[in-house]
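[1] Turn this into a model:
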Amino acid sequence: MPALWIAHVTVTDEEAYGRYAKIATEAIAQHGGKFIARAGRYVQLEGRERPRNVVATFPSVEAAEDCYRSEIYQSALEHARGASERELLIVETTE
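    A predicted model of the protein is given here:
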């Protein structure tokens with residue numbers, strides 16, 4: 001089943017986070033991921049507001065998790081740590 005990678009982010013260092021985003025984009029593509037929402041307009045209805053929200057679709061939960069655990073994505077995370085506050089989850093879709 002396909003899966004969604006959903007990130008809610010508050011960026012605290014734009015320059016460093018930009019480096020993260022460039023490398024992460026490559027990692028996501030290498031694992032079959034495609035962005036379907038990326039920092040667009042949103043409406044916060046409940047919970048903690050994060051001004052940057054990203055959703056990518058992957059062929060499976062395993063593909064998304066493999067991406068996260070990959071060497072290239074982990075190298076991207078080195079730039080995100082200290083440059084953002086974030087939550088990230090993977091959820092299987094029903095279709």
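[2] quick check: mean pLDDT across whichever strand or helix holds residue 67?
    According to DSSP states H and E, residue 67 maps onto helix 61-69. Averaging pLDDT along helix 61-69 yields 98.
[3] For it, list every residue counted as buried.
    61, 63, 64, 66, 67, 68 (16 or more other C-beta atoms under 10 Å). For glycine as for every other residue, the C-beta is placed from the backbone atoms N, C-alpha and C.
[4] Adding distance to residue 43, write these out as TSV.
    Shown next, in TSV, are the buried residues of helix 61-69 (distance: C-beta to C-beta, whole Å):
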residue	distance to residue 43
61	27
63	29
64	25
66	32
67	28
68	27
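[5] which one of those residues is nearest residue 78?
    For those, the residue nearest residue 78 by C-beta to C-beta is residue 68; the value is 13.8 Å.
[6] ok, now how distant is the closest one from residue 27?
    9 Å (C-beta to C-beta, to the nearest Å).
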